[in-house]
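Undergrad: Kindly return the folded structure for what I paste below:
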Amino acid sequence: MQNNRQKLIFFTLIFLFGSVTILTISTNFHTQPLSDHDSTQLKTSATFTDVEINALATTNTSNTGNWTWAKSIGLCTGSGTAGSPYIIANHVFEYSSGFGYCLTISNSRVYFRIKDCTFRNSAPSLAGLFIINSTNGQVTDCTIYDNYDGIVMVGVNDTEIRDSHIYNNTANGLHLSGSHINTISNNNISENSAMGMYLLQSSHNTISNNIFMNNMVYGILSVTHSNDNTISGNTITKNLIGISIDTCRDTTISNNDVSNNDMFGMYIDDGDESDIISNTANGHNTMGIYLTSASDNNTISKNIANNNFYGIFESGCINNEYSQNTANNNAQFGFYIAGSMESVLHDNTAFNNTLYGIFLTGAINISCTDNLVYENKQFGVYLSGTLTSTVEDNNAHHNGMFGILVEGCLSIDIKSNLAQYNNWSGIYVSNSDETTLSDNTASNNYQHGIVVDDSDINVIKSNVAKYNNWSGIFLDIGSDYNLVSNNIASNNNDHGIFLKNCAVNTINSNTASNNGKNGIHLLYSDINSITSNTANNNKNGTFLENSDMNTVANNVFLGNVHCYNETGSMGNVFEDNSCTGGGGPTINLTFTLLIIAIIEGVALAGIAAIYFRRKRK
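TA: Residues are numbered from 1 along each chain as shown. Here you go, the predicted structure:
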């Protein structure tokens, strides 16, 4: 009985030790590439060198023949059917010398499996495993290292590469050329001197749940009409570039962790009609996600691009859609759109970027809507040299300078945005003509709510600009022929509406009340029309300072210290205004009292003189 118990304990310990060992191996397989190449890694049953299986071969040599020959020498088992495939298992394949491959399979249409094999030492010649003009293959649980290319597949379809470790090859870990409908999954493809995986004119392939790490150049490179591929669920890190797509279309890139590569997370060059969805692209020295060179009609959605130099960057593209992406804590910009047309950015978040949250430059017909842009060090949304674009329903708050800046642009529609609590002004339009600002709320900013600077023929209507530290709406030097209408510019510390060095503007039907200084203030501004406004409970309803030939008519100025006022001005017309208090320009009280005193003194002196003259008579 005692002996049986000891045997039971002994076999239990063996079982537990084996279970822990298996668990450790399976846990560590996809976390790091192997760093040593000793014999314990080999899948040994037999060792073969320079072997080629050519399914069409009619004659055999010592190392070349068809599947029947391969079976006869113990290289494989099975019969090549779906139910009984040829199986090559537990062998080591090496290349002896010269120019060639460790194992070649060519011209095969039967079903075959390669599993638990090692391919090594074809460098500096060609590949460890070369499959050409074949279908219906499967490579599983193999170790492939110290070759020129790990695996090369040319003209190969319906083949699977999975659960293998492909590393330390001189060029590429896995190279597909003209190969379609293949599955590459659950492999560790790392520490190769060029690319982890290279696709050339290869379409409808699925690359999923692999690790691509520490490859010298690209984790994955897909070029030259490699279309309709799916790249999903991979970990791609510590390469020079994570994923690069060049001259391809209809690629799906989803749910990958593409982080901490040296330069780019994703580099899309002339890649069209692709979906880039739910990826993480953090920690790159250049860009998290980059689209360039006519990469058109793509959907970029639900990605995270944080802690890069640039978060998401587009250059020279047409009609891309960016939605629900996050681009935070980048060294320059969250989103950068340069020289592109008809792209759409909506429902994105850009937070705490060193310069700007969203930057559009040299772009045409861009739609920037419903984005949350906050606590960026300079600007929330910045448009420069951009034409016929829309900035709508964005929330730009607590940015270091402006919430929204439009500079050197034409025909921009800025509407229904929230621009609040910014350290400078809420919305700033500079040197931009034919812009419409409507239905925006620009409040609680440290300087002005809305600024229009050196910009002509603009419409500023139906905005709310309240509780700003300076003025609610400010038209600065050279802003002419603008319409300022139906705005609420109240409760600001300085003026409600302020014009400086501006001419021929129409200020109509606004409310500018309860401001710390003046409701409407003109400084060095001529030939403007101020009509049908309400400016109550300010210091002055309207104050014209060194401003000539303006019309102030049909306004309501109630409860102000002075109804309206002017100084150093000429030719202004005040008519049909409703006032309480003084109805016109104010006279200085001290000066008035002095004049009255003088008049009274003169009168008293005259009366006294007449009195004494009569008394002498």
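Undergrad: quick one, helices of this structure?
TA: Secondary structure of the chain by DSSP state H: the helices cover 2-28, 67-72, 589-616.
Undergrad: Let me know how buried residue 416 is, in neighbour terms.
TA: Residue 416 is flanked by 17 other residues according to other C-beta atoms under 10 Å. Glycine gets a C-beta too; all of them are placed from N, C-alpha and C.
Undergrad: Now do the contacts for it.
TA: By C-beta atoms under 8 Å, 6 or more residues apart in numbering, the contact set of residue 416 is 392-393, 438-440.
Undergrad: could you redo the last one with a cut-off of 7 Å?
TA: 392-393, 439-440 (C-beta atoms under 7 Å, 6 or more residues apart in numbering).
Undergrad: remind me which residues of this protein are low pLDDT?
TA: The chain contains residues with pLDDT under 70 at 1-44, 98-99, 581-617.
Undergrad: Identify the bridge partners of the spatially most central residue of it.
TA: Geometric centre of the chain, nearest residue: residue 312, 3.1 Å, by C-alpha atoms, centre = their mean. Note on residue 312: beta-bridge partners by DSSP bridges are residue 289, residue 335.
Undergrad: which residues does it contact?
TA: Residue 312 touches 288-289, 300, 305, 322, 325, 327, 335, counting by C-beta under 7 Å, 6+ apart.
Undergrad: cool, and residue 182?
TA: By C-beta under 7 Å, 6+ apart, the neighbours of residue 182 are 156-160, 176, 205.
Undergrad: In strands, which of those residues appear?
TA: 156-157, 160, 176 (DSSP state E).
Undergrad: from these, which two are the most distant?
TA: The span of the ones in strands among the contacts of residue 182, defined through C-beta to C-beta, is set by 160 and 176 at 12.5 Å.
Undergrad: which one of the contacts of residue 182 sits closest to residue 496?
TA: Nearest to residue 496 among the contacts of residue 182: residue 205, at 63.7 Å, using C-beta to C-beta.
Undergrad: mind checking how far the closest one is from residue 160?
TA: 11 Å (C-beta to C-beta, to the nearest Å).
Undergrad: more neighbours, those two?
TA: Each of residue 205 and residue 160 has its neighbours counted (other C-beta under 10 Å); residue 205 has more, 24 against 16.
Undergrad: so who does that one touch?
TA: Contacts of residue 205 by C-beta under 7 Å, 6+ apart are 176, 180-182, 184, 199, 229.
Undergrad: Out of the residues you listed, which is nearest to residue 563?
TA: Nearest to residue 563 among these is residue 229, at 73.7 Å by C-beta to C-beta.
Undergrad: Surely that closest one and residue 203 touch.
TA: Yes: using C-beta atoms under 7 Å, residue 229 is in contact with residue 203, at 6.4 Å.
Undergrad: ok, the two, which is more surrounded?
TA: residue 229 (27 against 21).
Undergrad: what's the spacing between the more buried one and residue 182?
TA: Taking C-beta to C-beta, one finds residue 229 at 10 Å from residue 182.
Undergrad: what residues are up against residue 535?
TA: Neighbours of residue 535 in contact, by C-beta under 7 Å, 6+ apart: 496, 512-513, 519-520, 541-542, 555, 557.
Undergrad: possible to save the residues you listed as CSV with neighbour count?
TA: CSV is the format used below for these (neighbours: other C-beta atoms under 10 Å):
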residue, neighbour count
496, 35
512, 33
513, 23
519, 34
520, 30
541, 34
542, 30
555, 29
557, 28
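Undergrad: Tabulate these in a markdown table, adding columns for distance to residue 221.
TA: Output for the contacts of residue 535, formatted as a markdown table (distance: C-beta to C-beta, whole Å):
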| residue | distance to residue 221 |
| --- | --- |
| 496 | 59 |
| 512 | 61 |
| 513 | 64 |
| 519 | 64 |
| 520 | 63 |
| 541 | 69 |
| 542 | 67 |
| 555 | 68 |
| 557 | 71 |
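Undergrad: In strands, which of those fall?
TA: Among those, the members found in strands (DSSP E) are 519-520, 541-542, 557.
Undergrad: Could you dump these into a markdown table with distance to residue 271 added?
TA: Output for these, formatted as a markdown table (distance: C-beta to C-beta, whole Å):
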| residue | distance to residue 271 |
| --- | --- |
| 519 | 56 |
| 520 | 54 |
| 541 | 60 |
| 542 | 58 |
| 557 | 62 |
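Undergrad: Just give me the closest of the residues you listed to residue 413.
TA: Top of the list for closeness to residue 413, among the ones in strands among the contacts of residue 535 and by C-beta to C-beta, is residue 520 at 25.7 Å.
Undergrad: My read is that residue 232 contacts residue 255, right?
TA: Yes: using C-beta under 7 Å, residue 232 is in contact with residue 255, at 5.5 Å.
Undergrad: which one of these two has more residues nearby?
TA: residue 232 (19 against 16).
Undergrad: which residues does the more buried one bridge with?
TA: Applying DSSP bridges, one finds that residue 232 bridges with residue 208, residue 254.
Undergrad: related to what we said a few turns ago, take the contacts of residue 312 and lay them out in CSV including distance to residue 535 and neighbour count.
TA: Converted to CSV, those look like this (distance: C-beta to C-beta, whole Å; neighbours: other C-beta atoms under 10 Å):
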residue, distance to residue 535, neighbour count
288, 49, 32
289, 50, 31
300, 48, 28
305, 47, 33
322, 43, 27
325, 44, 29
327, 43, 31
335, 40, 30
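Undergrad: Of these, which pair is most distant in space?
TA: Top of the distance list for those (C-beta to C-beta): 288 and 322, 12.3 Å.
Undergrad: tally of neighbours for residue 212?
TA: 31.
Undergrad: May I ask you to confirm that it is in contact with residue 195?
TA: No: under the criterion of C-beta under 7 Å, residue 212 is not in contact with residue 195, lying 8.8 Å apart.
Undergrad: Can I get stretch 325-343 in CSV, CA atoms only?
TA: C-alpha atoms of stretch 325-343 as CSV (Å, rounded to 0.1, in the frame of the first residue of the first chain):
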residue,chain,number,x,y,z
ASN,A,325,-10.3,58.6,-33.5
THR,A,326,-8.3,59.8,-30.5
ALA,A,327,-5.0,61.7,-31.0
ASN,A,328,-3.7,62.9,-27.7
ASN,A,329,-0.4,64.0,-26.2
ASN,A,330,1.4,64.3,-29.5
ALA,A,331,4.5,66.5,-29.8
GLN,A,332,3.1,68.5,-32.7
PHE,A,333,-0.5,68.0,-33.8
GLY,A,334,-3.3,65.6,-33.1
PHE,A,335,-4.6,65.7,-36.7
TYR,A,336,-2.8,67.2,-39.7
ILE,A,337,-4.5,67.5,-43.1
ALA,A,338,-2.3,69.1,-45.8
GLY,A,339,-3.1,69.7,-49.4
SER,A,340,-6.1,67.4,-49.4
MET,A,341,-9.6,67.7,-50.8
GLU,A,342,-13.1,66.7,-49.6
SER,A,343,-11.9,64.8,-46.5
